[in-house]
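*Asks:* I'll drop the sequence and a predicted model, then ask my questions.
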Amino acid sequence: LFHLKVLLLLKMSKMIPSEKLKCLQEKNKQLKIQLLHIERNLQGEPSVGAMDEEKMSEFASESFIKAAVQNRKLKYQLMHLEKAIEREEKNVKPFEYEDPSNSSIDVFSLMENIFAIAIGNSFPDFKGSNPNITVPTVKKAGAYQCNAALAIANKLKKKGNKTKPFDVANAIINAVPKNDVIKSMDIAGPGFINIYVQPEFMLKHLHKILRSGVLPPRAQKKRVIVDFSSPNIAKEMHVGHLRSTIIGESLSRILEFCGHGVLRLNHVGDWGTQFGMLIANLQDKFPDFKTKSPPITDLQQFYKEAKERFDNDADFKKRAYNGTVLLQSGDEDVTTAWKLICAVSRKEFNKIYSRLDVSLVERGESFYHEMMKNVVEEMTGKGLLMEDTKEENKGLMVAWTSAKEKTKIPMIVVKSDGAFTYSTSDLATIRHRLIDEEADWLVYVVGSSQDIHFKNLFAMANDMGWLLPHQRVDHVGFGDVLGEDGKKFKSRSGDTVKLRNLLDEGVQRAKATLESRNNENMSDEQAQTIYETVAYSCIKYADLSHCRTHDYVFSYDKMLQDKGNTAVYLLYAFARIQNILKNPIVVERGIDLKKEAKDRAVHIEHEKEIKLCEHLMRLPEMLNRLQRELMPDRLCDYLYHLCTAFTAFYDQCYCVRKDKEGNVVEVNVDRLLLVHATGVVMKQLFFLLGIRPLDRM
């Protein structure tokens, strides 16, 4: 309109001769008044004496009249367009999701679904594309980020459509369906979409924690068998059993918490030729073993004696072989001797499991012994078992699997002398678990050195038709425990470190570290409980917090530090939370946090409150990720970052505020409930990691 007025004045100045100036000045005055009416009319405001085109033609130029008419048309079209948009908005369905009372929401998955819809709406050719949702590491970059714009822009470019990633990101944002999850979005860099979550949505998750505790995400319930620990009978557990035992226990707890039915199996080595020599040695050392329990206190030494006699005494070796035959044929006396040896071992194993809070059902190799013959017959019947072609291996029966391109080696199923092998036992085991046990999911927690064996095992289960499409099998491999010299962890004498001795030294180290800090009135018994809890927690956390597929260096000094990603730091943070909740001022004011947790609607405003609440909200997506990847270090990272978020909150957000004189000004119940919820989550995560939290340190 401004430009039209200028154009009108310029046109008039060219048309006006000097002798008519005085006359037209008066008309110009009238024109300004009438122009004001036009402006109001064009702006949609009510005006007195609004003019039609005929009256307007008396004083306005032709171009001005056309502009005014066009403006009216555009206003009319705009009005209809706005009404059409309003109708369309009513027809567009908002994004909906389920929020069951007995489970928690995986917000990461919600974001994937929301932005998958947005991409499909804005770029139909790329419907179904990965929305590439991530959790940004940059501060103030939102809770989540959608990084799909760059990939879509590249695909458009290949089709001859040069659209900038920024414009792609903007189109995706405009196509995001209405929802109550996202507060706002903005674009960073060339086209990264920062996503900010509604505080009200985060509070829904917080309230659920306060009222129902930590709930798992929704998952399809499965029958899971976790195979872990698996020491050998008559041999003491050593550092080599540490990782399988700790990782297997933690994964079992995680899967159980997520609602799966878990059977924890200890596939102990309780069968084979070595038992012949152990039984022969038992018969010689304790001839009255059938009536009197033999006082075997050191199984490791007992095994060494038997092995030495086996290697150096031909007569003993002959009796040992005969003992193995008698055991496999079910001889009563030999079976009794075998059971006694197993019982002694089991007693020693259980002492370790008790100290580490590990629960297992023993089902050793002997359980599957009778099944091996049937497995060999079944494999032969399907033409998958064949004799080795090498002359020196005459009678050796092998099976090549569908994974032979990766493994390069076959499975040895029957030895040249007709004896079964480790592979035969594992084939019988996996068949029984998949078919007889009807497991949906098998998890083997065994060192990474067995990777090729398990590739062959799983491939053969598939080749034989035992492994069905709905069933899942995983080899949870792990690296070695190293000493501080970077070599396999050994004792000072160069022997393998016994697990019992490793735990004992851990308790002594914890005592030496914590004893000087004991400024509380504790009994010796209370202090000893703390030393043991801290020691076992540190050993477990040091293992679980490292990526399981890598080797890690075992260091008492590092694991007992109270700073950084250590169990001690986490335990201190939890103890601080308990101290805050037990503040005498809270008690004096009669604040019942349990009641407040049930009834109160919490409000959050401070940046650190929002960040802590945001981190609590992410737990369900972490648990889902754990079920996919079976990597406990992810849970450790989550717990550590939760503690750092709590520490940042605690430093800036006072639950009990005092003035300069020390008088209490305010008790912030909302913040106390946020502290309480953090403690509830930490306690649950400690349990999943097999760590016992302490209310005081």
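*Replies:* That came through fine. Everything numeric in this text was worked out from a predicted model, so none of it was measured.
*Asks:* state the mean pLDDT of stretch 208-225.
*Replies:* In this model, stretch 208-225 has an average pLDDT of 96.
*Asks:* could you export that stretch as CSV, CA atoms only?
*Replies:* Output of stretch 208-225 as CSV, limited to C-alpha atoms (Å, rounded to 0.1, in the frame of the first residue of the first chain):
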residue,chain,number,x,y,z
LYS,A,208,4.9,-43.0,37.4
ILE,A,209,8.3,-43.7,39.1
LEU,A,210,7.1,-42.0,42.3
ARG,A,211,3.8,-43.9,42.4
SER,A,212,4.7,-47.3,40.9
GLY,A,213,8.5,-47.6,41.1
VAL,A,214,10.7,-48.3,38.1
LEU,A,215,8.6,-50.1,35.4
PRO,A,216,10.1,-52.0,32.4
PRO,A,217,9.2,-51.0,28.9
ARG,A,218,6.7,-53.1,27.0
ALA,A,219,8.2,-56.2,25.5
GLN,A,220,7.1,-59.5,24.0
LYS,A,221,7.7,-62.0,26.8
LYS,A,222,10.1,-64.8,25.9
ARG,A,223,11.4,-68.0,27.5
VAL,A,224,15.1,-67.3,27.8
ILE,A,225,17.9,-69.7,28.8
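*Asks:* flag the shaky bits of the stretch 51-200 of the chain, pLDDT-wise.
*Replies:* Applying pLDDT under 70 to the stretch 51-200 of the chain flags residues 51-61, 74, 77-78, 80-92.
*Asks:* tell me where it has helices.
*Replies:* 53-56, 62-91, 107-122, 149-158, 165-174, 199-212 (DSSP state H, counting those that start in this stretch).
*Asks:* those into CSV, with extra columns for distance to Ile539 and mean neighbour count?
*Replies:* (Each C-beta comes from the backbone N, C-alpha and C, glycine too.) As requested, the helices of the stretch 51-200 of the chain are exported to CSV (distance: least, CB to CB, whole Å; neighbours: other CB atoms under 10 Å):
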stretch, distance to Ile539, mean neighbour count
helix 53-56, 91, 13
helix 62-91, 59, 11
helix 107-122, 32, 20
helix 149-158, 44, 17
helix 165-174, 47, 20
helix 199-212, 29, 18
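*Asks:* now distance to Glu532 too, for these, in CSV please.
*Replies:* As requested, these are exported to CSV (distance: least, CB to CB, whole Å):
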stretch, distance to Glu532
helix 53-56, 96
helix 62-91, 63
helix 107-122, 38
helix 149-158, 52
helix 165-174, 54
helix 199-212, 30
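*Asks:* nearest to Glu365, out of those helices?
*Replies:* helix 107-122 (41.3 Å; CB to CB).
*Asks:* show me what that closest one is in contact with.
*Replies:* With contact meaning CB atoms under 8 Å, 6 or more residues apart in numbering, helix 107-122 is reached by 95, 97, 126-129, 131, 133, 135, 143-144, 146, 148, 152, 171-177, 179, 181-182, 193, 195, 197, 205, 617-618, 620-621, 624.
*Asks:* and that helix, how far out from the chain middle?
*Replies:* Relative to its chain's centre, helix 107-122 lies at 21 Å (CA atoms, centre = their mean, to the nearest Å).
*Asks:* got the angle for that helix vs helix 199-212?
*Replies:* 150 degrees (axes from the mean of the first three to the mean of the last three CA atoms, to 10 degrees).
*Asks:* helix 107-122 vs helix 165-174, what angle?
*Replies:* When the same axes, to 10 degrees is applied, the directions of helix 107-122 and helix 165-174 differ by 100 degrees.
*Asks:* quick one: the helices in the stretch 351-500 of the chain?
*Replies:* Counting by DSSP H, counting those that start in this stretch, the helices of the stretch 351-500 of the chain are 369-381, 404-407, 422-431, 451-463, 499-514.
*Asks:* save those as TSV, and put in mean neighbour count, distance to Leu672 and mean pLDDT too.
*Replies:* Converted to TSV, the helices of the stretch 351-500 of the chain look like this (neighbours: other CB atoms under 10 Å; distance: least, CB to CB, whole Å; pLDDT from 0 to 100):
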stretch	mean neighbour count	distance to Leu672	mean pLDDT
helix 369-381	16	59	95
helix 404-407	13	56	96
helix 422-431	23	52	96
helix 451-463	20	50	98
helix 499-514	17	29	93
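*Asks:* out of those, nearest to Val443?
*Replies:* Closest among these, once you apply CB to CB, is helix 451-463, at 11.1 Å.
*Asks:* ok, now which ones touch Lys406?
*Replies:* For Lys406, the contact set (CB under 8 Å, 6+ apart) comprises Lys455.
*Asks:* so which of the helices of the stretch 51-200 of the chain is nearest Val680?
*Replies:* The closest of the helices of the stretch 51-200 of the chain to Val680 is helix 199-212. By CB to CB, the value is 5.8 Å.
*Asks:* which parts of the stretch 251-400 of the chain are strands?
*Replies:* 261-266, 361-362, 386-387, 397-399 (DSSP state E, counting those that start in this stretch).
*Asks:* the second one pairs with which strands, and in what direction?
*Replies:* Yep, that's strand 361-362 we're talking about. Within its sheet, strand 361-362 is paired with strand 261-266 (parallel), according to DSSP bridges.
*Asks:* next, the angle helix 422-431 makes with the partner strand.
*Replies:* 160 degrees.
*Asks:* hey, C-alpha coordinates of strand 261-266 in PDB?
*Replies:* C-alpha atoms of strand 261-266 as PDB (Å, rounded to 0.1, in the frame of the first residue of the first chain):
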ATOM      1  CA  GLY A 261      11.100 -66.000  31.900                       C
ATOM      2  CA  VAL A 262      14.800 -66.700  32.500                       C
ATOM      3  CA  LEU A 263      16.400 -70.100  33.200                       C
ATOM      4  CA  ARG A 264      20.000 -69.600  34.400                       C
ATOM      5  CA  LEU A 265      22.000 -72.700  33.600                       C
ATOM      6  CA  ASN A 266      25.400 -73.600  34.900                       C
END
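*Asks:* gap between it and the chain center?
*Replies:* 21 Å.
*Asks:* that one: which residues count as buried?
*Replies:* Neighbour-count burial for strand 261-266, counted by 16 or more other CB atoms under 10 Å, picks out Val262, Leu263, Arg264, Leu265, Asn266.
*Asks:* which among the helices of the stretch 51-200 of the chain is found nearest to Gly418?
*Replies:* Among the helices of the stretch 51-200 of the chain, helix 107-122 comes nearest to Gly418, with 53.8 Å by CB to CB.
*Asks:* neighbours of Glu666, how many?
*Replies:* 12 (other CB atoms under 10 Å).
*Asks:* then Leu581?
*Replies:* Neighbourhood size, Leu581 [other CB under 10 Å]: 17.
*Asks:* list the residues that contact it.
*Replies:* Counting by CB under 8 Å, 6+ apart, Leu581 touches Leu593, Leu672, Val675, His676, Gly679.
*Asks:* which one of those is nearest Asp333?
*Replies:* Using CB to CB, those come closest to Asp333 at Gly679, 58.1 Å.
*Asks:* pipe the strands of the stretch 251-400 of the chain into CSV and attach mean pLDDT and distance to Lys222 per row.
*Replies:* Converted to CSV, the strands of the stretch 251-400 of the chain look like this (pLDDT from 0 to 100; distance: least, CB to CB, whole Å):
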stretch, mean pLDDT, distance to Lys222
strand 261-266, 98, 7
strand 361-362, 97, 18
strand 386-387, 91, 36
strand 397-399, 95, 29
